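> Take this sequence and fold it.
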Amino acid sequence: MKIAILQVGMVEQSVLRRIQGSVSQVFPHTESVILKEVLSLPQEAYDDKRGQYNSSFLLDLVREYLKKTDANKILGITSADLYVPQLNFAFGEAELQGKVALISLHRLEPEFYGNSANISLFLERAIKEAVHEIGHTLGLNHCSNRSCVMSFSNTIGDVDRKKWEFCQKCSKQLSKLIDNMHH
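I've put the predicted structure just below:
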């Protein structure tokens, strides 16, 4: 499996590289590449009242970049604050059993909550969200095991509570799903 990583707006290269390395480690037989292009944040995706970007709108734009690659999946990474209608915000969004995922780093920074900067905590959160959203594209649903990376995160506390690994049940399901991709 090959995963392309697309920078959406301004994102530090070191953060992209750390997520790239972790994604390749977590998913078996996976190569990930950071695309050279950068998708700039379109004004049309911005909601003035909310001060946030529409996640689904961006997801569609990220999808376009997949066509230019030989990758099976694409993960957009943005520092912009995202929302999906009906929710106050979103850490990320993905197509279930699809090809496209998007994560926002905005609310993963400890500074967002008035805490002091902590790069390792920030990166750990970013990796969890990346793995979670890619998990959806592979066909994994939310998991009821709260320490599984596939558990739903409503708050940053939920993100911090879960590990960046799959529980046994999701891990087994993932192996099946990946095997089926290759046959």
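> make it CA atoms for all contacts and neighbour counts henceforth
Fine.
> Note down every partner strand of the lengthiest strand in the chain and its orientation.
With secondary structure taken from DSSP state E, the chain has its longest strand at strand 31-39. Strand pairing for strand 31-39, using DSSP bridges, gives strand 2-8 (parallel).
> averaged over its residues, what pLDDT does the partner strand have?
Per-residue pLDDT values over strand 2-8 give a mean of 97.
> Residues contacting it from elsewhere in the structure, which ones?
Residues from elsewhere that reach strand 2-8 (CA atoms under 8 Å, 6 or more residues apart in numbering): 16, 20, 30-41, 62, 66, 69-79.
> Then stretch 104-114?
With CA under 8 Å, 6+ apart, stretch 104-114 has contacts from 77-82, 90-92, 116-118, 121-122, 125-126, 156.
> Could you list the buried residues of that stretch?
Using 16 or more other CA atoms under 10 Å as the test for burial, stretch 104-114 gives Ser104, Leu105, His106, Arg107, Leu108, Glu109, Pro110.
> Which ones among those residues map onto strands?
Checking the buried residues of stretch 104-114 against DSSP E, those in strands are Ser104.
> And the buried residues of stretch 104-114, which is closest to Arg161?
Comparing the buried residues of stretch 104-114 against Arg161 with CA to CA places Leu108 closest, at 13.3 Å.
> could you measure the nearest residue to Ser22 once chain neighbours are set aside against Gln20, distance?
Once flanking residues are discounted, Ser22 sits nearest to Ile127: 6.7 Å by CA to CA, 6 or more residues apart in numbering. Distance from Ile127 to Gln20, counting by CA to CA, to the nearest Å: 9 Å.
> between these two, who's got more neighbours?
Ile127 (24 against 21; other CA atoms under 10 Å).
> How about the contacts made by that one?
Ile127 makes contacts with Ile19, Ser22, Val23, Trp164, as judged by CA under 8 Å, 6+ apart.
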